[in-house]
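Q: how would this look folded up:
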Amino acid sequence: MIRSFQAVVCWLTVCSISPTSIQPKDCRCLPGNECWNHIPWLVLNTSVHGRLMEFVDEVDPCVRDINSNDCQSTLTQALGGGHFLSGSPFGSQHTGQFGAWNISHDHSVYAVDAQTEEDFQATVRFAHVHNLRLVIKNTGHDWYGRSMAAGSLMLWTHNRKNITWHDEGFKPLDCDGEDAIPAVTVETGVQFYNLYPDAQDHGKLVIGGSCDSVGLAGCWLSGCYGAFSKKFGAGAVNMLQARVVLANGTIVTTNKCKHPDLFWSLRGGGAGVAGVVTEFTARSHPAPRFVTGVVFDGNASTPEEFQMLMRESLKVFAASAQEYDLASDGGLGFSKTVDPTNANKTVYTVDLRISGYESDLSKQMKLLQPMVDLVEREKGSLKGDLNVWINWTDAEYNKTNPSAPWWSVSAGDKSASLVGMMTRFLPESYILTEEGRAVVAEAFTRVADTMPLGRGVGIMAPKGQVGIPSSLHGLFNETAINPVVRDTTGTILVMIQLPWFEQLPPSSKLLRALWPRLNESLQTFTNYNPGSLLDTCTRGVAGDESAARACMHTWQNELVPTVREKFNRVREILRNTLPNEKESKPFSGAYYAETDYYEQDFQNSYWGQEKYKKLLEIKRKYDPEGLFICHNCVGSEFWTQESNLNCKNVSMWPNGYK
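A: Just a heads-up that it's a prediction; the model follows:
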């Protein structure tokens, strides 16, 4: 639901404000502060052509009446496979993290539906002049609350959807002597489900994420990796130009020839460095005529056997990382789960897969053949086989229901709250030697033993850039991406999530809507021993309100804390094995867009010491007062966590971003 500014004039003025609350020194002006009474919202509304909106919870029909037909429709859309929440100003693809943040209270007060560059400028100027907390949002595909904040003004970019193809080539502005490059210009409300089918219709490929609901702006600013980023480079590597509104409201075109420092910061520096982008231009590539891939699935019964299997998997994974043509996508996954042939036993599983752009299937099979050879040598103790995973041609592409191997429809993470999430880069140097592989395999065994039964851990090959073509080396070095990524075979991802709406009280109706996904998690959260809880939840789904409340109370107050403790132990194992501290040799790190909410030394972990120092210098130049700020973003340490980044850290601020 979207409610216009005109409908809520009283709410926007002093009738909702406590006049006794005074804005603290060195803090943003927030609701409840006396300064809030004097903000001329009508002026902002006029300057953005009447597109200022008051906050309305996107599940408000359920807040008002959980049993209404409107509520049922809302829950169906919010939990379904469409893009209901990512397409709403106050909706969010992700609903929070247990114990950290949640959209039920960490939400903006107003939003501007910014459809023109003038809307962007007016909103930024207004926030700057009136000392407001400003957040930028497209989809809310955001695990860390970076695109929302309590008491903030939101600049909502979602409805800027134009896509322009430069088939005859594109030359960045004022870059004399540059060759024209096939490219595409996209506005910052575009999501990959908008871009990828359009690219396919034009016979083009654009590098971005694999999840179709992701907004390209947040992805490209973060680095952005997808199925073919090992062959063509990360999204940030492919960026050619951008239009940016700075903190003072001016708009500039930036590329390697105009404001090159600003352009550099946009290429992997994350959100909130120096401005808000209205459009990007990036390289396009020919769409693949075919994509092939193979997968090895194996398992082992004991920790010792699993380590043997994992050591060989890591060796093959390291070798495949050098083959960008054969293995531009894929990864290595592992878990401990119930034996499918004997419910009273557990097994360790390994899933090693590769796929490539117009790749030779027989050569891919040969690359993974050592896994089959190991199983043959160790008959009886190890099991596994090698199969074709993908064998797709462009003749299979269906314009009516568009999909392709390099993108997927995202449903499982919609309306989900994290129990825990973290990433760790896996540098090549860790797994080049037998000794190194043994250390990592032993750590992975402890991780598998600690994770909830059946919950896997993945190593995403495209999010490592070791082995990329030599033609991309220089382009990678021109970005703000952590240098360690260039020597990384893949990025380890640990993620545990649940569908959850913190703002809705427990009820049978809500449990029934959540149950298809909660039921899947119940087995893993209880190590396949749910006991009487399954019966309680089943009765709650059937309409027993008391049982529904008991079921959801147990989830939130018993199962989530128990699994979070398991995640904390996994975190320590991986941090100790792959440290990110400045003095660590070799050094690991984490991916800014998929990381731990509580990432230690995030500056070094996301960007490395030298690049972070440069990013701070750029922020000080273009955004000296820190208008653009978000959780664990560049310069966020100069604002206090206790104030939700609304008050300056006065012990650091006298020196600015130094």
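Q: got any ranges where the stretch 51-200 of the chain has weak pLDDT?
A: Across the stretch 51-200 of the chain, the ranges flagged by pLDDT under 70 are 81.
Q: now the strands: where do they sit in it?
A: 52-54, 94-97, 101-102, 110-113, 134-137, 153-156, 163-170, 181-187 (DSSP state E, counting those that start in this stretch).
Q: contact partners for the residue nearest to Asp26 when sequence neighbours are not counted?
A: Among residues not flanking Asp26 along the chain, Lys648 sits closest, at 4.3 Å (C-beta to C-beta, 6 or more residues apart in numbering). For every residue, glycine as well, the C-beta is placed using N, CA and C. Residues counted as contacts of Lys648 (C-beta atoms under 8 Å, 6 or more residues apart in numbering) are 26-27, 626, 638-640.
Q: out of the residues you listed, which are inside helices?
A: The helices, defined by DSSP state H, take in nothing from the contacts of Lys648.
Q: which among those gets closest to Phe84?
A: Trp639 (32.5 Å; C-beta to C-beta).
Q: tell me the confidence at the nearest residue to the closest one once chain neighbours are set aside?
A: Closest residue to Trp639 apart from its sequence neighbours, by C-beta to C-beta, 6+ apart: Leu645 at 4.1 Å. As predicted, Leu645 sits at a pLDDT of 96.
Q: how about the one 3 residues further on?
A: The pLDDT attached to Lys648 in the predicted structure is 94.
Q: against Gly635, how distant is it?
A: Using C-beta to C-beta, to the nearest Å, Lys648 is found at 11 Å from Gly635.
Q: before we move on, what about Pro462?
A: Taken as C-beta to C-beta, the span from Pro462 to Gly635 is 29 Å.
Q: of those two, who's got more company?
A: More neighbours surround Pro462 than the other of Pro462 and Gly635, with 26 against 23 (other C-beta atoms under 10 Å).
Q: what secondary structure does the more buried one sit in?
A: helix (DSSP: H, G, I helix; E, B strand; the rest coil).
Q: quick one: residues contacting it.
A: Pro462 sits in contact with 225-230, 328-329, 490, where contact means C-beta under 8 Å, 6+ apart.
Q: picking up where we left off before, nearest to Val214, of the strands of the stretch 51-200 of the chain?
A: strand 94-97 (11.4 Å).
Q: would you map the helices across the stretch 351-500 of the chain?
A: 361-377, 434-450, 473-477 (DSSP state H, counting those that start in this stretch).
Q: as TSV, those with mean pLDDT, distance to Arg289 and mean neighbour count would be great.
A: Formatted as TSV, those follow (pLDDT from 0 to 100; distance: least, C-beta to C-beta, whole Å; neighbours: other C-beta atoms under 10 Å):
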stretch	mean pLDDT	distance to Arg289	mean neighbour count
helix 361-377	97	14	17
helix 434-450	97	36	18
helix 473-477	97	25	14
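Q: out of those, the one nearest Gln191 is which?
A: helix 473-477 (25.0 Å).
Q: please report how far Val419 lies from Gly456.
A: Val419 is 15 Å from Gly456, by C-beta to C-beta.
Q: who touches both of Lys648 and Gly635?
A: Joint contacts of Lys648 and Gly635 (C-beta under 8 Å, 6+ apart) are Gly626.
Q: show me what contacts the closest residue to Pro530 other than its chain neighbours?
A: Once flanking residues are discounted, Pro530 sits nearest to Leu522: 5.2 Å by C-beta to C-beta, 6+ apart. Taking C-beta under 8 Å, 6+ apart, we find Leu522 in contact with 530, 533-534, 537.
Q: for the buried ones among those, write the corresponding ChimeraX selection.
A: Command for ChimeraX that selects the buried part of the contacts of Leu522, burial taken from 16 or more other C-beta atoms under 10 Å:
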select :530,533,537
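Q: which one in the contacts of Leu522 is the model shakiest on?
A: Within the contacts of Leu522, pLDDT is lowest for Pro530, at 93.
Q: follow-up on the earlier one: could you pull up phi and psi at the residue nearest to Asp26?
A: Main-chain torsions, Lys648, degrees, to the nearest 10: phi -70, psi 150.
Q: end-to-end on stretch 59-75?
A: 7 Å (C-alpha to C-alpha, to the nearest Å).
Q: need the contact partners of it.
A: Taking C-beta under 8 Å, 6+ apart as the rule, stretch 59-75 contacts 1, 57-58, 78, 501, 503-505, 507, 509-510, 513.
Q: could you dump stretch 476-489 to CSV, C-alpha only?
A: Extracted in CSV, the C-alpha atoms of stretch 476-489 (Å, rounded to 0.1, in the frame of the first residue of the first chain):
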residue,chain,number,x,y,z
PHE,A,476,40.4,-5.5,-12.1
ASN,A,477,43.2,-3.4,-10.6
GLU,A,478,41.3,-0.2,-11.6
THR,A,479,38.5,-1.1,-9.1
ALA,A,480,38.0,-0.7,-5.4
ILE,A,481,37.5,-4.4,-5.0
ASN,A,482,39.7,-6.0,-2.3
PRO,A,483,42.9,-7.1,-4.0
VAL,A,484,42.7,-10.5,-2.3
VAL,A,485,39.8,-11.4,-4.5
ARG,A,486,42.2,-11.5,-7.5
ASP,A,487,43.9,-14.4,-5.8
THR,A,488,40.8,-16.1,-4.5
THR,A,489,39.5,-19.4,-5.8
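Q: list the contacts of that stretch.
A: 223, 233-234, 236-237, 256, 264-269, 317-318, 321, 425-429, 431, 459, 461, 463-466, 468, 473, 587-589, 605-608, 611, 614-615.
Q: buried subset of the residues you listed?
A: Here, 16+ other C-beta under 10 Å leaves 223, 233-234, 236-237, 256, 264-269, 317-318, 321, 425-429, 431, 459, 461, 463-466, 468, 587-589, 605-608, 611, 614-615 buried among these.
Q: start and end of stretch 454-468, how far apart?
A: 33 Å.
Q: how many residues are close by the closest residue to Ala111 other than its chain neighbours?
A: The shortest distance from Ala111 to any non-neighbouring residue, by C-beta to C-beta, 6+ apart, is to Met154 (3.9 Å). Other residues near Met154 number 27, with proximity taken as other C-beta under 10 Å.
Q: show me what Met154 is bridged to.
A: Note on Met154: beta-bridge partners by DSSP bridges are Ala111, Val135.
Q: and it, what does it touch?
A: 89-90, 108, 110-112, 134-137, 147-148.
Q: for Glu358, same thing?
A: Contacts of Glu358 by C-beta under 8 Å, 6+ apart are 288-291.
Q: please tell me how far it sits from Trp407.
A: 17 Å.
Q: tell me where the longest strand sits in this structure.
A: strand 342-357 (DSSP state E).
Q: local confidence estimate at Cys15?
A: 35.
Q: going forward, count from 74.
A: Taking 74 as the first residue, the last one we looked at is Cys88.
Q: ok, back up a step: from the contacts of Glu431, keep the buried residues only.
A: Buried among the contacts of Glu431 (16+ other C-beta under 10 Å): 361, 363-364.
Q: which of the residues you listed fall in strands?
A: 363-364.
Q: from the buried ones among the contacts of Glu431, which is closest to Ala468?
A: Scanning the buried ones among the contacts of Glu431 for proximity to Ala468, where the rule is C-beta to C-beta, the winner is Phe363, at 9.0 Å.
Q: surely that closest one meets Asp467?
A: Yes: under the criterion of C-beta atoms under 8 Å, Phe363 makes contact with Asp467 at 6.9 Å.
Q: from Thr562, how far out is the closest residue to Lys388 other than its chain neighbours?
A: Of all residues not flanking Lys388 in the chain, Arg510 sits nearest, at 6.1 Å (C-beta to C-beta, 6+ apart). Using C-beta to C-beta, Arg510 is found at 11 Å from Thr562.
Q: anything in contact with each of those two?
A: Ile504.
Q: low-scoring stretches of the stretch 424-573 of the chain, by residue?
A: Looking at the stretch 424-573 of the chain by pLDDT under 70, you get 482-486.
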